[in-house]
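# sequence-free structure coming up:
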Ligand SMILES: [Zn+2]
């Protein structure tokens, strides 16, 4: 922004709650099989919000109704920063909830509904900030590309992947990307740690197959595919994967060790992870490779031994430990079980130093001087995996200051998903500061 332009004062959080509510009320449930309502209504709603302040959007569809939006904002110098959020949500079984998951109710200081943490909260923060800043003439120094995608909850094939494969021109020149699953607090011994997502595990969804000799269930059969497969599945499911500390987790555990008055070593990594209490289940999964059997399929009649038995395994491997993962898996499977991939995605990690990381840290500390900022490795995958194929470094940074007793991790895809209203407003203020320094 040229110095001569006088900017008006503005409140970046002014519209965040209303925008989030309106987005929650547009059902974008993604069942993974294209039977849901799609994202078009939500994308058109976002386009209208941007249009009101003079920002033009491009809408693209990988399939009818599966709409993603891209818009360029600001005209400063330098490489554009991509800010991305997804518009779809996982389905919600309303009968399990205390409130209607698509009503956007506010109760007890929380905004309730499917998508309040994953991730219409961040979508709303970004839109509130963009609208407030544009109206006030306070455009960021760095050009921004905004993207609101379809289909993240089913792997992004009809969303981010489609954008990267077919509309890379809309994302041209972006060198860094900021999206979901980072920036929220977890509490260790009363201290708030803001976890910045700086790495993601790789994903190997595999179909295991055992073949044997078919025959009558009443006779001797030492080549039973069901027995062979079941043994391999049991070995995989009960395997104790060794602790492996990647750079992001080394830094995070060092912060925790500091609070606990000890030192971070591979030997006490598990004890340090336990310090996170409600986040320990997720963080325990990112100090090691994991493989969980999830589906079994064999046979059609109780007295017929089938030729083939199959199982599905959800494997997740750390950056730098892919070879070890597959070598171990081959051993656990044994010679008589083969596998092929249903889906495979590479892990990634971004440096957690430099301008963007500094901007994230400073913007958090400006709003919460007692906070601690540290990187972490995320167990799941996000749209970041697709955008990285265009050469962007990625971070998860959707800031939320949360109450210490809130089991935040369980709200992702969980029943009674909700976000504190003041956390939404906090996030908008932090992210607004971040834009000044990014
Ligand atoms: Zn998400």
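Perfect, thanks for sending it. Keep in mind it's a predicted model, so treat the numbers as computed, not measured.
# just the pLDDT for the closest residue to residue 6 other than its chain neighbours.
Distances taken as Cβ to Cβ, 6 or more residues apart in numbering put residue 137 closest to residue 6, at 7.1 Å, once the chain neighbours are dropped. All C-beta atoms are positioned from the backbone trio N, CA, C, and that covers glycine. The model reports residue 137 with a pLDDT of 95.
# which residue ranges form the strands in the stretch 301-438 of the chain?
Secondary structure of the stretch 301-438 of the chain (DSSP state E, counting those that start in this stretch): strands at 304-305, 308-317, 337-345, 348-349, 372-378, 393-396, 418-420.
# can I get those in a markdown table with mean neighbour count?
Output for these, formatted as a markdown table (neighbours: other Cβ atoms under 10 Å):
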| stretch | mean neighbour count |
| --- | --- |
| strand 304-305 | 17 |
| strand 308-317 | 21 |
| strand 337-345 | 15 |
| strand 348-349 | 19 |
| strand 372-378 | 23 |
| strand 393-396 | 24 |
| strand 418-420 | 23 |
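# among those, which comes closest to residue 177?
Closest to residue 177 of these, according to Cβ to Cβ: strand 393-396, at 4.7 Å.
# need the contact list for the residue in the stretch 201-350 of the chain positioned nearest to the ion.
Nearest residue of the stretch 201-350 of the chain to the ion: residue 282, at 13.8 Å (Cβ to the ion). Residue 282 makes contact with 379, 409, according to Cβ atoms under 8 Å, 6 or more residues apart in numbering.
# you'd agree it is in a helix?
Yes - under DSSP: H, G, I helix; E, B strand; the rest coil, residue 282 falls within a helix.
# pLDDT score for the residue in the stretch 151-300 of the chain positioned nearest to the ion?
Relative to the ion, the nearest point of the stretch 151-300 of the chain is residue 180 (4.9 Å; Cβ to the ion). Per-residue confidence at residue 180 stands at 95 (pLDDT).
# that one touches residue 381, doesn't it?
No - applying Cβ atoms under 8 Å as the test, residue 180 and residue 381 come out as separate, 11.0 Å apart.
# look at the two and report which has more neighbours.
Set residue 180 next to residue 381 and count neighbours by other Cβ atoms under 10 Å: residue 180 wins out with 25 against 22.
# what sits against the more buried one?
Applying Cβ under 8 Å, 6+ apart, the residues near residue 180 are 85-86, 118-119, 122, 197, 382-383, 396, 398.
# spell out which parts of this protein neighbour the ion.
Proximity of the chain to the ion (Cβ under 5 Å from the ion) is limited to residues 118-119, 180.
# right, and out of the residues you listed, which lies closest to residue 264?
residue 180 (26.7 Å).
# and the closest residue in space to that closest one that isn't next to it in sequence, what does it touch?
Distances taken as Cβ to Cβ, 6+ apart place residue 119 nearest to residue 180, at 4.6 Å, with adjacent residues excluded. The contact partners of residue 119, by Cβ under 8 Å, 6+ apart, come to 85-86, 180, 398.
# would you point out the most distant pair within the contacts of residue 180?
Top of the distance list for those (Cβ to Cβ): 86 and 197, 14.6 Å.
# tell me which of those two has more neighbours.
Using other Cβ under 10 Å, the more surrounded residue of residue 86 and residue 197 is residue 86, with 30 against 25.
# now the spatially closest residue to residue 172 that is not a sequence neighbour: how far from residue 280?
In space, residue 172 comes closest to residue 80 once its chain neighbours are excluded; the distance is 8.0 Å by Cβ to Cβ, 6+ apart. For residue 80, the distance to residue 280 (Cβ to Cβ, to the nearest Å) stands at 37 Å.
# among those two, which residue is more densely surrounded?
Between residue 80 and residue 280, counted using other Cβ under 10 Å, the more crowded position is residue 80 (20 against 16).
# ok, the more buried one - contacts?
72, 142-145, 172-175.
# could you rerun that using 7 Å?
Contacts here follow Cβ atoms under 7 Å, 6 or more residues apart in numbering; on that basis residue 80 touches 143-145, 173-174.
# just residue 68 next, same as before
Counting by Cβ under 7 Å, 6+ apart, residue 68 has contacts 43, 60, 147-150, 159, 163.
# of those, buried ones?
43, 60, 147-150, 159, 163 (16 or more other Cβ atoms under 10 Å).
# out of the residues you listed, which is nearest to the ion?
Taking the buried ones among the contacts of residue 68 together and measuring to the ion by Cβ to the ion, the closest member is residue 149, at 10.0 Å.
# which non-adjacent residue is nearest that closest one?
Residue 149 sits nearest to residue 159 (Cβ to Cβ, 6+ apart), 3.7 Å away.
# pretty sure that neighbour is touching residue 148, no?
No - applying Cβ atoms under 7 Å, one finds residue 159 not in contact with residue 148, separated by 9.2 Å.
# where's residue 255, which helix or strand?
Assigned by DSSP states H and E, residue 255 falls within helix 247-260.
# by how many degrees do that helix and strand 372-378 diverge?
Orientation check (axes from the mean of the first three to the mean of the last three Cα atoms, to 10 degrees): helix 247-260 against strand 372-378 gives 140 degrees.
# what average pLDDT does the helix or strand just after helix 247-260 get?
Per DSSP H and E, helix 247-260 leads on to helix 269-274 as the next helix or strand towards the C-terminus. Computed over helix 269-274, the mean pLDDT rounds to 95.
# how about stretch 10-27?
Looking at stretch 10-27 alone, the average pLDDT works out to 98.
# got the buried residues for that stretch?
Quick answer for stretch 10-27 (16+ other Cβ under 10 Å): 10, 12-17, 19-27.
# now, those that are in helices?
16-17, 19-24 (DSSP state H).
# now do the strands in the stretch 1-150 of the chain.
57-61, 67-73, 81-86, 106-107, 110-112, 144-149.
# tabulate those (a markdown table), appending distance to residue 239 and mean pLDDT.
Shown next, in a markdown table, are those (distance: least, Cβ to Cβ, whole Å; pLDDT from 0 to 100):
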| stretch | distance to residue 239 | mean pLDDT |
| --- | --- | --- |
| strand 57-61 | 43 | 98 |
| strand 67-73 | 39 | 98 |
| strand 81-86 | 33 | 98 |
| strand 106-107 | 44 | 97 |
| strand 110-112 | 39 | 98 |
| strand 144-149 | 35 | 98 |
